[in-house]
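Take this sequence and fold it.
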Amino acid sequence: METPTALVLGETTFPFHDLAEMGPHVESALGDAADATRSTDRDDLLDLSEYDLVVDYLTDSELTDDQLAGLLGFVRDGGGYLGLHCAADLTSVHAGGGELEHREEPFPELRELVGGHFLTHPEQSEFGVDVVAEHPVVDGVEDFRVFDEPYQVEADDDVTVLARMDHPDLESYPVVWVREYGDGRVCYASLGHTAEAFENEAYRRLLRNAVGWLVRD
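Okay, the predicted model is just below:
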């Protein structure tokens with residue numbers, strides 16, 4: 001099988017989750033599991049025929065109708081979707097000047113795609129990630145510790161949670177889950193605010209496994 005092709009989509013709008021800064025760490029973590037193309041142009045979603053999966057690192061998830069249709073149709077028709085960290089922040093939008101404003105409800109079509117969404121987070125800290133299921137995405141991945149931004153998230157009952165947070169001050173929030181979407185597959189992983197997270201060997205293995213599961217024959 002040829003190396004899968006991945007569109008890594010993000011933005012440079014905010015001083016955090018800056019794709020210019022974090023994109024190389026994302027690509028390093030994916031390693032040779034995917035041939036990654038980094039972009040901040042949301043119009044790349046209009047035609048995804050050159051790609052096997054989309055790696056979503058957007059904070060502001062506002063898309064035009066055509067961009068949204070391109071993404072959803074791609075996954076529904078068998079493409080892979082790997083949402084990282086801020087991809088689950090489906091209520092934040094750009095307010096200008098690098099600032100955020102917040103919608104009352106998450107973007108519904110993207111909420112259905114991802115299978116959950118970001119609620120809030122405390123300060124960055126070290127915490128544990130416990131593997132709680134058997135699945136190809138976590139094959140060979142043992143419980144690990146990571147320094148990152150611990151995301152408190154809401155996940156649907158019909159997703160398969162593969163890993164949960166072990167944090168002294170938070171409940172056991174999902175960290176990694178998978179789901180089917182039409183003929184395509186979805187994996188969301190809440191880690192990825194820090195370079196340290198993408199340099200964590202257990203997380204790197206998990207992400208490379210995820211590519212293999214998302215892009216299957």
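
who touches the most far-flung residue of the chain relative to its centre in this structure?
Most distant from the centre of the chain: residue 97, at 24.8 Å, with distances by C-alpha atoms, centre = their mean. Contacts for residue 97 (C-beta atoms under 8 Å, 6 or more residues apart in numbering) come out as none. In this view, the C-beta of every residue, glycine as well, is placed from N, C-alpha and C.

Okay, and the closest residue to residue 136 other than its chain neighbours sits in which element?
Excluding its sequence neighbours, the residue lying closest to residue 136 (C-beta to C-beta, 6 or more residues apart in numbering) is residue 213, at 4.6 Å. Assigned by DSSP states H and E, residue 213 belongs to helix 201-214.

if we can go back for a sec, roughly how far does the residue farthest from the centre of the chain sit from residue 59?
Shown here: residue 97 relative to residue 59, a distance of 14 Å by C-beta to C-beta, to the nearest Å.

now swap in residue 39 and tell me
Distance, residue 39 to residue 59, by C-beta to C-beta: 15 Å.

okay, now residue 177: neighbour count?
Neighbour count for residue 177, taken as other C-beta atoms under 10 Å: 27.

make that residue 210, sorry
Residue 210 has 30 neighbours, counted by other C-beta under 10 Å.

Can you tell me, leaving aside adjacent residues, what's nearest to it?
In space, and not counting its chain neighbours, residue 210 is closest to residue 187: 4.5 Å by C-beta to C-beta, 6+ apart.

The one you found is in contact with residue 214, isn't it?
Yes: counting by C-beta atoms under 8 Å, residue 187 touches residue 214, with 5.9 Å between them.

shared neighbours, those two?
With contacts taken as C-beta under 8 Å, 6+ apart, the residues that reach both residue 187 and residue 214 are 80-82.

dump the residue contacts of residue 116.
Applying C-beta under 8 Å, 6+ apart, the residues contacting residue 116 are 88, 153-156, 159, 174, 177, 188.

Drop anything exposed from the residues you listed.
Neighbour counting with 16 or more other C-beta atoms under 10 Å marks 88, 153, 155, 159, 174, 177, 188 as buried within those.

where do the strands sit along the protein?
Shown for the chain, the strands assigned by DSSP state E span residues 5-9, 35-39, 53-56, 80-84, 92-96, 99-102, 116-120, 125-131, 144-148, 152-155, 160-166, 174-181, 184-189.

In CSV: the ones you listed, plus mean pLDDT and distance to residue 18.
As requested, the strands of the chain are exported to CSV (pLDDT from 0 to 100; distance: least, C-beta to C-beta, whole Å):
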stretch, mean pLDDT, distance to residue 18
strand 5-9, 98, 13
strand 35-39, 98, 12
strand 53-56, 98, 15
strand 80-84, 98, 14
strand 92-96, 86, 13
strand 99-102, 85, 14
strand 116-120, 96, 18
strand 125-131, 97, 21
strand 144-148, 98, 16
strand 152-155, 97, 22
strand 160-166, 98, 25
strand 174-181, 98, 22
strand 184-189, 98, 19
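
got CSV for those strands, with distance to residue 195 too?
Converted to CSV, the strands of the chain look like this (distance: least, C-beta to C-beta, whole Å):
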stretch, distance to residue 195
strand 5-9, 15
strand 35-39, 16
strand 53-56, 16
strand 80-84, 13
strand 92-96, 22
strand 99-102, 22
strand 116-120, 20
strand 125-131, 14
strand 144-148, 10
strand 152-155, 22
strand 160-166, 20
strand 174-181, 18
strand 184-189, 15
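
Nothing else from me, thank you.
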